[in-house]
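[1] turn this into a model:
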Amino acid sequence: MVQNELTKADQAQEEPLCPLMNVPDVAQILRIVPKTVNKLVREGKLGCVQISSRDRRFTKEQVQAYIDSNEVDVLIDRTKPDRVGSSKPKEGDKQNHDGEKAKDSWASLRKEMSRWT
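    Numbering: from 1, shown residues only. As a prediction, this is how the structure comes out:
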């Protein structure tokens, strides 16, 4: 019985504690800002080890549990979309850059310019 207690104590000393991550570390892993990490903790979506009233630490398992809980399967539509056809504008239906129908080219422009003088 004494040997069992010694072996358990020896095993506990040999197994290192998992390192705890702080808020900026978790924010970097999740690629979000630290404020969002704290918000997730307040909302109960991300577990943590509360060190003090303003200090939190996270285990790898807690971060992985959050990641796993937010996985989403994305369905991909592999059908080919219908091509959208457009008719070519007719020669008389040319439009200027304002979306209005353009007047008959240079002849109408010269006529309009002759009125200016």
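[2] got a list of what Cys48 touches?
    Counting by Cβ atoms under 8 Å, 6 or more residues apart in numbering, Cys48 touches 41, 56-58, 62. Bear in mind the C-beta positions are built from the backbone N, C-alpha and C, glycine included.
[3] how many residues are close by Val72?
    Counted with other Cβ atoms under 10 Å, the neighbours of Val72 add up to 5.
[4] what's the answer for the one 3 residues further on, then?
    The burial metric for Leu75, expressed as a neighbour count using other Cβ under 10 Å, is 6.
[5] please apply the same query to Ala65.
    Counted with other Cβ under 10 Å, residues neighbouring Ala65 total 14.
[6] grab the nearest non-local neighbour of it.
    With Cβ to Cβ, 6 or more residues apart in numbering as the criterion, Ala65 has its nearest non-adjacent residue at 6.6 Å, and that residue is Gly47.
[7] report the contact partners of that neighbour.
    If you count contacts by Cβ under 8 Å, 6+ apart, then Gly47 has 41, 58, 62, 65-66 around it.
[8] just give me the closest of those to Ile29.
    Nearest to Ile29 among those, counting by Cβ to Cβ, is Phe58 at 9.1 Å.
[9] beta partners for the closest one?
    Judged by DSSP bridges, the bridge partners of Phe58 are Met21.
[10] check what pLDDT it gets.
    Phe58 carries a pLDDT score of 96 in this model.
[11] now do Lys103
    Looking at Lys103, its pLDDT stands at 51.
[12] same question for Gln11.
    For Gln11, the pLDDT comes out at 56.
[13] before we move on, what about Lys39?
    The model reports Lys39 with a pLDDT of 95.
[14] can you pull out the helices in this protein?
    Along the chain, the segments classed as helices by DSSP state H run 2-14, 23-30, 34-42, 60-69, 105-116.
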